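1. only geometry, no sequence info:
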């Protein structure tokens, strides 16, 4: 399934837990970008899976970081360090609606409730206030996340379905850069009472690493005795999917290699479908099967909304929605 790339499976080392309950994992391996042309999506959606061996089931399984991200981080041109976080945020709103205007419009139209509006507005205001008190790397990282949210609002892509993931990302970055240690490129972190995996991309803050998150869920499935953890992780992940390509997708909300948020990956989405189908085959929870079926949308839709690319040999599936070649 991979041409010229490596898919790495590894066991994590012990994580460091901070006073605020955030865990830092220090066992990252760089991998080369992986291209793939065929996904057995029908089999995945139906849960047609082989049983794991005893040795495999006993280990915690994690898929390697997405593409080139952990190897080098985003290019400097994609970050915010050059003009500064405040200047980048101002530039993003110059030609489009502001975040607060978008939130107000969504509340007024009934797309979100008054309670949700107040929660999102408070999160945004708290992040901007924190940014004003930060300096150096911490200001640059939180500023970059705010700038990405601002740019999505200005571009008209900050719709109601994206708000849960966008504002969770904003709040986690506010918490991290105001209370937690500085990180190395590609370092993965977690938060208390959550199973999601976050990864540090210099110049873009910490972001949900969906490939690693779904790989972690696969590890829970393969262990054979961590069904509670599997349930919790998927219960967190499913509501964070956005509407995309006639279905749902777990999107990346940062700038990378020419791609502007929100974008998604055929590789991480395929892994998500796999573990959702596996979970349904064992737990028989309808939400898992429904999400797996809805997540097929990007594989049926051409780029840039989806990942389907027509070729003389048949359909290929792009690793990134913004890079069909």
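-> Right, received. Where do you want to start? Values in this document were obtained by computation on a predicted structure and should not be read as measured data.
2. partner residues bridging residue 200?
-> When assigned by DSSP bridges, residue 200 has beta-bridge partners residue 206.
3. which residues touch it?
-> Counting by C-beta atoms under 8 Å, 6 or more residues apart in numbering, residue 200 makes contact with 183-189, 206. For glycine as for every other residue, the C-beta is placed from the backbone atoms N, C-alpha and C.
4. that's a strand at residue 193, yeah?
-> No: using DSSP: H, G, I helix; E, B strand; the rest coil, the secondary structure at residue 193 is coil, not a strand.
5. Now list the buried members of the contacts of residue 200.
-> Buried by 16 or more other C-beta atoms under 10 Å: 183, 185-189, 206, out of the contacts of residue 200.
6. Check the residues you listed and tell me the two furthest apart.
-> 185 and 189 (12.8 Å; C-beta to C-beta).
7. rewinding a little: compile the contacts of residue 200 into JSON lines and extend it with columns for distance to residue 268 and secondary structure.
-> Below are the contacts of residue 200 laid out as JSON lines (distance: C-beta to C-beta, whole Å; DSSP: H, G, I helix; E, B strand; the rest coil):
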{"residue": "183", "distance to residue 268": "21", "secondary structure": "coil"}
{"residue": "184", "distance to residue 268": "22", "secondary structure": "coil"}
{"residue": "185", "distance to residue 268": "19", "secondary structure": "coil"}
{"residue": "186", "distance to residue 268": "16", "secondary structure": "coil"}
{"residue": "187", "distance to residue 268": "19", "secondary structure": "coil"}
{"residue": "188", "distance to residue 268": "14", "secondary structure": "strand"}
{"residue": "189", "distance to residue 268": "18", "secondary structure": "strand"}
{"residue": "206", "distance to residue 268": "16", "secondary structure": "strand"}
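8. from those residues, which is closest to residue 158?
-> Distances from residue 158 to those, taken by C-beta to C-beta, are shortest for residue 206, at 19.7 Å.
9. Might one say that that closest one is in contact with residue 176?
-> Yes: with contact defined as C-beta atoms under 8 Å, residue 206 counts as touching residue 176 (5.7 Å).
10. what is in contact with the two at once?
-> Common neighbours of residue 206 and residue 176 (C-beta under 8 Å, 6+ apart) are residue 189.
11. need the strands for the stretch 101-250 of the chain, in chain order.
-> 188-190, 198-201, 205-208, 242-244, 247-249 (DSSP state E, counting those that start in this stretch).
12. what's the offset of the fourth one from the middle of its chain?
-> Centroid separation for strand 242-244 versus its chain: 13 Å, with C-alpha atoms, centre = their mean, to the nearest Å.
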